[in-house]
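Student: Sharing a model that was predicted from the sequence below.
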Amino acid sequence: MRVGLTYDLKPEYLAMGFSEEEAAEFDSPETIAAIEEVVVRRGHKPVRIGHAQALVARLAAGERWDLVFNIAEGLYGFGREALVPALLEAYRIPYTFSDPLVLSLSLHKGMTKRVLRDLGVYTADFAVVEQEADVAAIQLPFPLFAKPVAEGTGKGISAASKVHDRQELLQVCRLLLASHRQPVLVETYLPGRELTVGILGTGARARAIGVLEVTLHRPAEAAGYSYLNKKLWEDRVSYALVDDELAEEARRLSLAAWRGLGCRDAGRIDLRADAVGRLAVIELNPLAGIHPTISDLVILAERAGMPYAELISAILEEALQRAAAAATAGPSPSPPLPSPSPPSLPAVVAQ
């Protein structure tokens, strides 16, 4: 079986002039090689494809794969993570992880929180700031926490994210609106324990494989799990697998959110306790990082007794089961799309 690999390779974007923070969510060569190794060990043939524009060119040239292992993050817009899955669906090619709807929804933290509220899953009160004038209408009690509405890897989060009055809130929102060119999520500050839950599976098969507590130490930025704290985690952050009452509540909330939004295969749910110890879902990560040594989901899985190769194999198996079920139960496949000449790519390739 030919397994295509779609991804955004961090060194390529750095070479094109993107900053370390702009490229923070992209993948290292080590990640691609590690996934390839597991694919080979399972008896399949890995085929490197790369980013969305490379996928477009190869699809247009008539190339196809039996399955695509997709970890492409994209670069622009709320649909950036959904771009590769949408292209693959157009050509009826099965792929790993969640579909375009879930990936677009979960990337926008404000929209995700609205759906969570409708599902009855507790999440902190919030507002979305589209422009500076929106700050005046916010009626939430201070302290508050402000961050970009559609970023990962702690991008846009710093010690300044925790704000104590309206003037601080205005300053932080002004800065984030300018620097990240997207709305700002403002929510009630959660001062309690921070947990992340690893999820494996889809629908009724989904299960929590472990709960990891994230603890910040000096000289970490104290307000939250920021970009710098994640980047310098060896000196600032400790991780511990926990299995107490709060961890059990984290599992329950995470599975409710995972199944309610329709997430697939594997990912993470981040939670934090409020001032009275009640857990709130912070965000969903249905396209979580899977670097073989430093990604939170991988650290969590290994501490729960699931080695890297087993985790990747389980993700592949979930996608293969879904593809087999669709092939037997779905409608007859559509005729293949025509394969025109591949489009010429721009000199600088970025999504």
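Tutor: On my side now, so go ahead.
Student: Quick one: neighbours of the nearest residue to E36 once chain neighbours are set aside, just the number.
Tutor: Closest residue to E36 apart from its sequence neighbours, by Cβ to Cβ, 6 or more residues apart in numbering: P46 at 4.4 Å. Just so you know, the C-beta spots here come from the backbone N, C-alpha and C atoms, and that holds for glycine as well. Using other Cβ atoms under 10 Å, P46 has 20 neighbouring residues.
Student: quick one: contacts for the residue lying closest to K10 once chain neighbours are set aside?
Tutor: Leaving aside its chain neighbours, K10 sits nearest to F26 (3.9 Å; criterion: Cβ to Cβ, 6+ apart). Taking Cβ atoms under 8 Å, 6 or more residues apart in numbering as the contact definition, F26 lies against 7-10, 13, 73.
Student: Let me know the closest of those to K113.
Tutor: Nearest to K113, judged by Cβ to Cβ, of those is E73 at 21.2 Å.
Student: can you give me the strands in the stretch 51-200 of the chain?
Tutor: 67-70, 126-129, 144-148, 162-163, 184-188, 194-200 (DSSP state E, counting those that start in this stretch).
Student: Narrow the contacts of F26 to those in helices?
Tutor: 10, 13 (DSSP state H).
Student: ok, the contacts of F26 vs S313, which is closest?
Tutor: Nearest member of the contacts of F26 to S313, counting by Cβ to Cβ, is Y7, at 18.2 Å.
Student: From F69, how far out is that closest one?
Tutor: Going from Y7 to F69 by Cβ to Cβ, to the nearest Å gives 9 Å.
Student: So for the two, which sits in the more crowded spot?
Tutor: F69 (27 against 23).
Student: Show the pLDDT at the closest residue to S295 other than its chain neighbours.
Tutor: Distances taken as Cβ to Cβ, 6+ apart place G289 nearest to S295, at 3.8 Å, with adjacent residues excluded. Note for G289: predicted pLDDT of 94.
Student: What's the local residue count around G289?
Tutor: 22.
Student: where does it land in three-state SS?
Tutor: coil (DSSP: H, G, I helix; E, B strand; the rest coil).
Student: so who does it touch?
Tutor: 25, 27, 31, 153, 295-298.
Student: Which one of those is nearest to A256?
Tutor: L297 (19.0 Å).
Student: State the pLDDT value of N229.
Tutor: Looking at N229, its pLDDT reads 61.
Student: Quick check: the gap between W65 and V186.
Tutor: 42 Å.
Student: Which one of the two is surrounded by more residues?
Tutor: V186 (27 against 23).
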